[in-house]
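1. Structure for this input, please:
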Amino acid sequence: MAAAPSEAPPARPLLASRRALVTGASSGIGLAVARGLAAAGAAVAVNYHSQAAPAEKLVAEIRAAGGQAVALGADVSDEGEVAGLVDRTVAEFGGLDVLVANSGIQKDAPVGQMSLSDWNAVLSLNLTGQFLCCREAIRAFRAQPPRERGARGSIVCMSSVHELIPWAGHVNYAAAKGGVRMMMQTLAQEMAPERVRVNAIAPGAIRTPINKEAWGTPEALERLLKLIPYGRIGEPEDVARAAAWLASDEADYVTGVTLFVDGGMALYPGFVGNG
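-> Numbers count the residues shown, from 1 in each chain. Next up is the predicted model:
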(Lines give C-alpha, C1' and ligand atoms only; values in the text may rest on other atoms or scores of the structure.)
Protein backbone atom coordinates (compact mmCIF):
# COMPACT_ATOMS: atom_id res chain seq x y z
CA MET A 1 0.00 0.00 0.00
CA ALA A 2 1.42 3.36 -1.02
CA ALA A 3 2.30 5.73 1.76
CA ALA A 4 0.09 8.78 2.10
CA PRO A 5 1.72 11.93 0.76
CA SER A 6 3.23 14.03 3.50
CA GLU A 7 1.70 17.41 4.12
CA ALA A 8 3.70 20.43 3.03
CA PRO A 9 5.07 22.46 5.92
CA PRO A 10 3.14 25.68 6.60
CA ALA A 11 4.42 28.69 4.70
CA ARG A 12 6.67 30.96 6.74
CA PRO A 13 5.21 34.45 7.16
CA LEU A 14 6.66 36.97 4.71
CA LEU A 15 8.26 39.09 7.44
CA ALA A 16 8.83 36.49 10.16
CA SER A 17 11.34 37.64 12.80
CA ARG A 18 11.68 41.09 11.19
CA ARG A 19 11.51 44.28 13.27
CA ALA A 20 9.79 47.26 11.68
CA LEU A 21 9.08 50.92 12.36
CA VAL A 22 6.18 52.63 10.58
CA THR A 23 5.91 56.40 10.98
CA GLY A 24 2.62 58.25 10.85
CA ALA A 25 0.84 54.99 11.65
CA SER A 26 -2.13 56.22 13.67
CA SER A 27 -4.43 56.67 10.66
CA GLY A 28 -4.95 56.07 6.95
CA ILE A 29 -2.20 54.45 4.92
CA GLY A 30 0.28 54.28 7.81
CA LEU A 31 -2.15 52.43 10.06
CA ALA A 32 -2.94 49.92 7.29
CA VAL A 33 0.77 49.39 6.60
CA ALA A 34 1.56 48.78 10.28
CA ARG A 35 -1.32 46.29 10.49
CA GLY A 36 -0.19 44.61 7.27
CA LEU A 37 3.44 44.23 8.37
CA ALA A 38 2.29 42.72 11.66
CA ALA A 39 0.02 40.28 9.81
CA ALA A 40 3.05 39.32 7.71
CA GLY A 41 4.96 38.39 10.88
CA ALA A 42 6.92 41.54 11.77
CA ALA A 43 7.23 43.10 15.20
CA VAL A 44 6.00 46.65 14.59
CA ALA A 45 6.66 49.99 16.25
CA VAL A 46 3.56 52.10 15.53
CA ASN A 47 4.62 55.74 15.48
CA TYR A 48 2.15 58.56 16.08
CA HIS A 49 2.44 62.30 16.59
CA SER A 50 -0.76 63.70 18.10
CA GLN A 51 -3.16 60.72 17.98
CA ALA A 52 -2.08 58.20 20.58
CA ALA A 53 -5.43 56.41 20.96
CA PRO A 54 -5.66 54.88 17.44
CA ALA A 55 -2.03 53.77 17.63
CA GLU A 56 -2.57 52.13 21.00
CA LYS A 57 -5.76 50.48 19.74
CA LEU A 58 -3.85 48.99 16.80
CA VAL A 59 -1.10 47.75 19.12
CA ALA A 60 -3.72 46.03 21.29
CA GLU A 61 -5.23 44.43 18.17
CA ILE A 62 -1.83 43.13 17.00
CA ARG A 63 -0.98 41.74 20.43
CA ALA A 64 -4.39 40.06 20.73
CA ALA A 65 -3.63 38.25 17.46
CA GLY A 66 -0.34 36.98 18.90
CA GLY A 67 1.97 39.60 17.37
CA GLN A 68 4.46 42.06 18.78
CA ALA A 69 3.84 45.80 18.68
CA VAL A 70 4.46 49.00 20.59
CA ALA A 71 3.08 52.55 20.17
CA LEU A 72 5.76 55.26 20.13
CA GLY A 73 5.05 58.98 19.95
CA ALA A 74 7.44 61.30 18.09
CA ASP A 75 7.48 64.29 15.74
CA VAL A 76 9.46 63.01 12.77
CA SER A 77 10.36 66.52 11.63
CA ASP A 78 12.39 66.93 14.85
CA GLU A 79 15.93 65.52 14.67
CA GLY A 80 16.20 64.64 18.33
CA GLU A 81 12.79 62.99 18.46
CA VAL A 82 13.59 60.86 15.40
CA ALA A 83 16.82 59.63 16.98
CA GLY A 84 14.90 58.80 20.15
CA LEU A 85 12.18 57.02 18.17
CA VAL A 86 14.66 54.71 16.46
CA ASP A 87 16.55 54.11 19.73
CA ARG A 88 13.30 53.13 21.48
CA THR A 89 12.38 50.79 18.64
CA VAL A 90 15.77 49.09 18.86
CA ALA A 91 15.50 48.84 22.64
CA GLU A 92 12.01 47.32 22.40
CA PHE A 93 12.75 44.72 19.73
CA GLY A 94 16.52 44.25 19.93
CA GLY A 95 17.17 45.78 16.52
CA LEU A 96 15.59 47.25 13.41
CA ASP A 97 15.21 45.63 9.99
CA VAL A 98 12.52 47.66 8.21
CA LEU A 99 11.56 51.33 8.09
CA VAL A 100 8.42 52.57 6.38
CA ALA A 101 8.78 56.37 6.31
CA ASN A 102 5.14 57.33 5.88
CA SER A 103 4.44 60.51 7.86
CA GLY A 104 3.09 63.38 5.78
CA ILE A 105 0.72 66.34 5.68
CA GLN A 106 -0.94 68.63 3.15
CA LYS A 107 -1.34 72.41 3.44
CA ASP A 108 -2.81 73.38 0.10
CA ALA A 109 -3.13 76.81 -1.50
CA PRO A 110 -2.62 78.51 -4.86
CA VAL A 111 0.96 79.72 -5.15
CA GLY A 112 0.04 83.39 -4.71
CA GLN A 113 -1.68 82.61 -1.43
CA MET A 114 0.72 80.00 -0.05
CA SER A 115 2.54 81.19 3.06
CA LEU A 116 6.17 80.45 3.71
CA SER A 117 5.02 78.78 6.92
CA ASP A 118 2.86 76.29 5.00
CA TRP A 119 5.64 75.68 2.47
CA ASN A 120 8.13 74.98 5.25
CA ALA A 121 5.73 72.80 7.25
CA VAL A 122 5.12 70.43 4.34
CA LEU A 123 8.78 70.25 3.27
CA SER A 124 9.88 69.80 6.88
CA LEU A 125 7.64 66.79 7.54
CA ASN A 126 7.24 65.21 4.11
CA LEU A 127 10.85 65.49 2.93
CA THR A 128 13.20 66.42 5.78
CA GLY A 129 11.29 64.10 8.11
CA GLN A 130 11.79 61.18 5.73
CA PHE A 131 15.50 62.02 5.44
CA LEU A 132 15.89 62.03 9.23
CA CYS A 133 14.10 58.71 9.58
CA CYS A 134 16.15 57.14 6.79
CA ARG A 135 19.42 58.41 8.27
CA GLU A 136 18.67 57.09 11.74
CA ALA A 137 17.45 53.73 10.37
CA ILE A 138 20.67 53.37 8.36
CA ARG A 139 22.69 54.09 11.49
CA ALA A 140 20.74 51.37 13.30
CA PHE A 141 21.26 48.88 10.44
CA ARG A 142 25.01 49.52 10.53
CA ALA A 143 25.16 48.99 14.30
CA GLN A 144 23.87 45.42 14.13
CA PRO A 145 25.35 42.28 12.55
CA PRO A 146 24.34 41.68 8.94
CA ARG A 147 21.87 38.89 8.23
CA GLU A 148 23.19 35.66 6.76
CA ARG A 149 20.91 36.07 3.74
CA GLY A 150 19.03 39.02 2.34
CA ALA A 151 19.32 42.72 2.98
CA ARG A 152 20.89 44.18 6.08
CA GLY A 153 17.94 46.57 6.18
CA SER A 154 15.05 47.71 4.03
CA ILE A 155 13.55 51.19 3.76
CA VAL A 156 10.25 52.03 2.08
CA CYS A 157 9.64 55.75 1.54
CA MET A 158 6.02 56.82 1.06
CA SER A 159 5.90 59.02 -1.99
CA SER A 160 2.92 59.85 -4.25
CA VAL A 161 1.89 59.88 -7.88
CA HIS A 162 2.74 63.58 -7.52
CA GLU A 163 6.43 62.77 -7.58
CA LEU A 164 5.63 62.46 -11.30
CA ILE A 165 2.37 64.32 -11.98
CA PRO A 166 2.35 68.12 -11.44
CA TRP A 167 -0.44 69.27 -9.10
CA ALA A 168 -1.57 72.88 -9.38
CA GLY A 169 -2.51 74.36 -6.01
CA HIS A 170 -0.26 71.92 -4.15
CA VAL A 171 3.24 73.10 -5.04
CA ASN A 172 4.69 72.37 -1.58
CA TYR A 173 3.36 68.79 -1.57
CA ALA A 174 4.46 68.04 -5.16
CA ALA A 175 7.92 69.52 -4.51
CA ALA A 176 8.31 67.39 -1.37
CA LYS A 177 7.30 64.18 -3.14
CA GLY A 178 9.59 64.93 -6.09
CA GLY A 179 12.35 65.35 -3.52
CA VAL A 180 11.45 62.02 -1.89
CA ARG A 181 11.94 60.29 -5.24
CA MET A 182 15.45 61.64 -5.78
CA MET A 183 16.39 61.18 -2.12
CA MET A 184 15.27 57.55 -2.27
CA GLN A 185 17.20 56.82 -5.46
CA THR A 186 20.34 58.50 -4.15
CA LEU A 187 20.19 56.60 -0.87
CA ALA A 188 19.59 53.36 -2.76
CA GLN A 189 22.68 53.99 -4.88
CA GLU A 190 24.78 54.91 -1.84
CA MET A 191 23.64 52.06 0.41
CA ALA A 192 23.46 49.13 -2.03
CA PRO A 193 27.09 48.07 -1.39
CA GLU A 194 26.16 47.70 2.29
CA ARG A 195 23.17 45.52 1.35
CA VAL A 196 20.62 48.11 2.45
CA ARG A 197 17.67 48.38 0.07
CA VAL A 198 15.77 51.66 -0.34
CA ASN A 199 12.56 51.86 -2.36
CA ALA A 200 9.39 53.93 -2.49
CA ILE A 201 5.66 53.49 -2.96
CA ALA A 202 3.71 56.10 -4.91
CA PRO A 203 0.03 55.79 -3.99
CA GLY A 204 -2.61 57.35 -6.22
CA ALA A 205 -6.10 58.11 -4.95
CA ILE A 206 -6.53 56.08 -1.74
CA ARG A 207 -9.69 56.10 0.37
CA THR A 208 -8.45 57.80 3.56
CA PRO A 209 -9.85 60.58 5.77
CA ILE A 210 -7.23 63.09 4.52
CA ASN A 211 -8.76 63.14 1.02
CA LYS A 212 -12.44 62.49 1.78
CA GLU A 213 -13.43 65.56 -0.25
CA ALA A 214 -12.26 63.71 -3.37
CA TRP A 215 -14.43 60.61 -2.85
CA GLY A 216 -16.99 61.38 -0.14
CA THR A 217 -19.95 62.06 -2.45
CA PRO A 218 -21.12 60.19 -5.56
CA GLU A 219 -20.40 63.27 -7.68
CA ALA A 220 -16.87 63.66 -6.32
CA LEU A 221 -16.15 59.96 -6.76
CA GLU A 222 -17.38 60.05 -10.36
CA ARG A 223 -14.99 62.92 -11.15
CA LEU A 224 -12.13 61.11 -9.43
CA LEU A 225 -12.68 57.85 -11.29
CA LYS A 226 -12.12 59.64 -14.59
CA LEU A 227 -8.47 59.88 -13.50
CA ILE A 228 -8.16 56.17 -12.64
CA PRO A 229 -8.11 53.81 -15.64
CA TYR A 230 -8.61 50.76 -13.40
CA GLY A 231 -12.03 52.05 -12.41
CA ARG A 232 -11.91 52.02 -8.62
CA ILE A 233 -10.43 54.06 -5.82
CA GLY A 234 -7.55 52.46 -3.94
CA GLU A 235 -7.82 51.15 -0.39
CA PRO A 236 -5.12 51.52 2.29
CA GLU A 237 -4.68 47.74 2.20
CA ASP A 238 -3.54 47.97 -1.43
CA VAL A 239 -0.58 50.03 -0.24
CA ALA A 240 0.01 47.82 2.80
CA ARG A 241 0.42 44.71 0.64
CA ALA A 242 2.92 46.51 -1.58
CA ALA A 243 4.89 47.69 1.47
CA ALA A 244 5.07 44.19 2.96
CA TRP A 245 6.39 42.78 -0.31
CA LEU A 246 8.98 45.54 -0.82
CA ALA A 247 10.22 45.11 2.75
CA SER A 248 10.54 41.34 2.43
CA ASP A 249 13.20 39.03 1.03
CA GLU A 250 10.83 38.34 -1.89
CA ALA A 251 12.02 41.74 -3.18
CA ASP A 252 15.68 41.18 -2.31
CA TYR A 253 16.98 42.21 -5.76
CA VAL A 254 14.82 45.37 -5.85
CA THR A 255 16.31 48.71 -4.85
CA GLY A 256 15.97 52.30 -6.04
CA VAL A 257 12.48 51.66 -7.42
CA THR A 258 9.21 53.53 -7.01
CA LEU A 259 6.26 51.14 -7.06
CA PHE A 260 3.16 53.00 -8.26
CA VAL A 261 0.00 51.77 -6.50
CA ASP A 262 -2.45 53.94 -8.38
CA GLY A 263 -4.79 51.98 -10.66
CA GLY A 264 -3.04 53.57 -13.63
CA MET A 265 -3.41 57.21 -12.57
CA ALA A 266 0.19 57.91 -13.60
CA LEU A 267 -0.61 56.78 -17.15
CA TYR A 268 -2.11 60.21 -17.92
CA PRO A 269 -5.65 59.00 -18.73
CA GLY A 270 -6.60 62.50 -19.89
CA PHE A 271 -4.75 61.72 -23.09
CA VAL A 272 -7.02 58.80 -24.00
CA GLY A 273 -8.63 59.78 -27.30
CA ASN A 274 -6.86 63.14 -27.26
CA GLY A 275 -3.43 62.22 -28.70
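2. burial count for Arg149?
-> Arg149: 7 surrounding residues under other C-beta atoms under 10 Å. Every residue, glycine included, has its C-beta placed from N, CA and C.
3. From Asp252, how far out is it?
-> As for Arg149, its distance to Asp252 is 8 Å (criterion: C-beta to C-beta, to the nearest Å).
4. What of Trp245?
-> In terms of C-beta to C-beta, Trp245 sits 11 Å off from Asp252.
5. The two - which one has more neighbours?
-> When Trp245 is set against Asp252 and neighbours are counted by other C-beta under 10 Å, the residue ahead is Trp245, at 18 against 13.
6. The closest residue to Pro236 other than its chain neighbours: helix or strand, and which one exactly?
-> Ranked by C-beta to C-beta, 6 or more residues apart in numbering and with sequence neighbours excluded, the top spatial neighbour of Pro236 is Ala32, at 3.3 Å. Counting by DSSP states H and E, the element that carries Ala32 is helix 28-39.
7. from the chain's centre, how far out does the next helix or strand after that helix sit?
-> Per DSSP H and E, the first helix or strand lying C-terminal to helix 28-39 is strand 43-48. Its chain's C-alpha centre and that of strand 43-48 lie 12 Å apart, by C-alpha atoms, centre = their mean, to the nearest Å.
8. tell me the angle of strand 43-48 relative to helix 28-39?
-> 160 degrees (axes from the mean of the first three to the mean of the last three C-alpha atoms, to 10 degrees).
9. so for strand 43-48, what's the average pLDDT?
-> What strand 43-48 shows for mean pLDDT is 98.
10. Mind listing residues that contact that strand?
-> With contact meaning C-beta atoms under 8 Å, 6 or more residues apart in numbering, strand 43-48 is reached by 18-26, 30-31, 34, 37-38, 54-55, 58-59, 62, 67-74, 76, 85, 88-89, 92-93, 103.
11. Give me the angle between the helix or strand that that strand is followed by and helix 28-39.
-> Once strand 43-48 ends, the next helix or strand along the chain (criterion: DSSP H and E) is helix 52-64. Following the same axes, to 10 degrees, one obtains 20 degrees for the angle between helix 52-64 and helix 28-39.
12. remind me which residues of the protein are low pLDDT?
-> In the predicted model, the chain carries pLDDT under 70 at residues 1-6, 8-10, 275.
13. 80 instead, please
-> 1-11, 210, 275 (pLDDT under 80).
14. what residues does the longest helix along the chain touch?
-> Assignment by DSSP state H gives helix 171-191 as the longest helix of the chain. Outside helix 171-191, the residues that touch it by C-beta under 8 Å, 6+ apart are 104, 106-108, 111, 114, 118-119, 121-123, 126-127, 130-131, 134, 138, 155, 157-160, 162-167, 197-200, 202, 255-256, 258.
15. go with 6 Å
-> 106, 111, 119, 122-123, 126-127, 130, 134, 157, 159-160, 162-163, 167, 198, 200, 255-256 (C-beta atoms under 6 Å, 6 or more residues apart in numbering).
16. Any buried residues in it, and which?
-> Of all the residues in helix 171-191, those buried under the rule 16 or more other C-beta atoms under 10 Å are 171-181, 183-185, 187-188, 191.
17. Could you do stretch 102-119 as well?
-> So stretch 102-119, judged by 16+ other C-beta under 10 Å, has buried residues Asn102, Ser103, Gly104, Ile105, Lys107, Met114, Asp118, Trp119.
18. what's the span of stretch 66-85, first residue to last?
-> Taking C-alpha to C-alpha, to the nearest Å, the first and last residues of stretch 66-85 lie 24 Å apart.
19. Out of the contacts of strand 43-48, list just those in helices.
-> Per DSSP H, those map to helices at 30-31, 34, 37-38, 54-55, 58-59, 62, 85, 88-89, 92-93.
20. Determine the longest strand present in this structure.
-> In the chain, assigned by DSSP state E, the strand with the most residues is strand 196-203.
21. Buried subset of the contacts of strand 43-48, written for PyMOL?
-> With 16+ other C-beta under 10 Å as the criterion, this PyMOL line picks the buried residues out of the contacts of strand 43-48:
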select buried, resi 18+19+20+21+22+23+24+25+26+30+31+34+37+38+54+55+58+59+62+67+68+69+70+71+72+73+74+76+85+88+89+92+93+103
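22. quick one on the thing from earlier: narrow the contacts of helix 171-191 to those that are buried.
-> For the contacts of helix 171-191, buried by 16+ other C-beta under 10 Å: 119, 122-123, 126-127, 130, 134, 157, 159-160, 162-163, 198, 200, 255-256.
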